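Chemist: Just to be clear, the model below is a prediction. Sequence and coordinates:
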Amino acid sequence: MEQTTLDVQTRKETGSAAVRRLRHSGMVPAVIYGHKEGAVPVSLKIEDAQNVVAHRIKMVMLTVGGKAEQVLVKDVQFDTFGENVLHLDFERIAMDEIIEVECPVEMTGTAKGVAAGGVLEHPVTDLKVSCLPSNIPEVIKISVSDLEIGDSILVRDIKPPEGVTILTEPDAVLVAIRPPLIVEEEEAPEEAAEGAPEEPEVIRRAKAEDEEEEEAEGKKS
């Protein structure tokens, strides 16, 4: 995994007012914690924070006042629209210790079933894995080219990179090709003839009988 290094500054002021001032100055608040050391409030440039999140970078090297800290991006807080980074949590790690992280899954190729009209479903987009920090995969790629309609790939079907153990439930479905949805169109009811609605047969018959009786009465008189 490529190493990313960021410069961060310690911050003495905390609280909502101080955080607002910090963000207005183009910085993002963050905190470094873990590995039996105290939590350290820091800040970093908004562009650095956005870059880390956009590229789904998991491990970074932070330089704080001349001291280097190897950390994991543990948590990210976004604004209401899920676009702007509001806060980052960094967890200290040791390069010789096994850690657990989320690794994105990337599909490659075009499934035969999709070309035939099927629908591709991708319910699991990240896999939980354990490994040494130096073995964290940037992405786990899955080829879907040979999948026909009705086929699927489960977590247990995936061979992880060397030194990586997948912790996600083995029977979880990573990708599946479902049959196309068939929507039956309802037949539109036949439009009634122009003019007033047609009277029911019983009413028409009763009217006809009344007219015949009136005509007969007229002849008698």
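Modeler: Received it, and whenever you're ready, just let me know what you need. Residues are numbered from 1 along each chain as shown.

Chemist: For the spatially closest residue to I98 that is not a sequence neighbour, list each beta-bridge partner.
Modeler: Spatial nearest neighbour of I98, excluding adjacent residues (C-beta to C-beta, 6 or more residues apart in numbering): S130 at 5.5 Å. For the C-beta atoms, the positions are set from N, CA and C on the backbone; glycine is no exception. Here S130 shows beta-bridge partners E100, T165, assigned using DSSP bridges.

Chemist: what's near enough to touch S130?
Modeler: 98-101, 164-165, 167 (C-beta atoms under 8 Å, 6 or more residues apart in numbering).

Chemist: Apply 6 Å and report the result again.
Modeler: 98, 100, 165, 167 (C-beta atoms under 6 Å, 6 or more residues apart in numbering).

Chemist: So what does the last one look like in phi/psi?
Modeler: In terms of degrees, to the nearest 10, the main-chain angles of L167 are phi -100, psi -10.

Chemist: That one against K128, yeah?
Modeler: Yes - shown here, L167 and K128 form a contact pair, counting by C-beta atoms under 6 Å, at 4.4 Å.

Chemist: Would you quantify the distance from A30 to A94?
Modeler: According to C-beta to C-beta, to the nearest Å, A30 stands 20 Å off from A94.

Chemist: So between those two, which is more surrounded?
Modeler: More neighbours surround A30 than the other of A30 and A94, with 25 against 11 (other C-beta atoms under 10 Å).

Chemist: got the domain boundaries for this protein?
Modeler: Following automatic domain parsing, the chain resolves into domains at 4-93, 100-178.

Chemist: Okay then, goodbye and thanks.
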